[in-house]
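Chemist: No sequence on hand, only this structure:
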């Protein structure tokens, strides 16, 4: 456990070992919420975190076909 201080403006610094572990870099977005009497900080996924997440989930032509069908339904 690492102790951090809260600044006058309510800011804290996330310790480097946790920033590295959770890949939190400058510009990363986090969600802050209360859960069970605790303050929780959760990293939000960006589009860049999702890179490669669709690999092995069907071929490109199948996905294009699905998109075309969805567009037709919306029209």
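Modeler: Received the coordinates, thanks. The shown structure was predicted, so the numbers you read here are calculated from the model rather than taken from an experiment.

Chemist: spatially speaking, which residue is in the middle of this structure?
Modeler: The residue lying closest to the centre of the chain (C-alpha atoms, centre = their mean) is residue 45, at 1.5 Å.

Chemist: Can you report phi and psi for it?
Modeler: phi -80, psi 140 (degrees, to the nearest 10).

Chemist: Would you check how far apart it and residue 29 are?
Modeler: 9 Å (C-beta to C-beta, to the nearest Å). C-betas here are computed from N, CA, C, even on glycine.

Chemist: Average pLDDT for stretch 8-19, rounded please.
Modeler: Across stretch 8-19, pLDDT averages out at 96.

Chemist: Please point out which parts of stretch 18-38 sit buried.
Modeler: 24, 28 (16 or more other C-beta atoms under 10 Å).

Chemist: Distance from that stretch to the middle of the chain?
Modeler: How far stretch 18-38 lies from its chain's middle: 9 Å, per C-alpha atoms, centre = their mean, to the nearest Å.

Chemist: distance between the ends of it?
Modeler: End-to-end span of stretch 18-38 (C-alpha to C-alpha, to the nearest Å): 18 Å.

Chemist: Show me the helices in this structure, by range?
Modeler: 16-21, 60-74 (DSSP state H).

Chemist: Backbone dihedrals for the closest residue to residue 18 other than its chain neighbours, both of them.
Modeler: In this structure, residue 18 finds its nearest non-sequential neighbour in residue 24, 7.4 Å apart by C-beta to C-beta, 6 or more residues apart in numbering. Dihedral angles of residue 24 (phi, psi; degrees, to the nearest 10) stand at phi -100, psi 110.

Chemist: Distance of residue 24 relative to residue 42?
Modeler: 10 Å.

Chemist: For residue 29, which residues are in contact?
Modeler: Contacts for residue 29 were tallied using C-beta atoms under 8 Å, 6 or more residues apart in numbering; they are 43, 44, 46.

Chemist: No further queries at this time; thank you.
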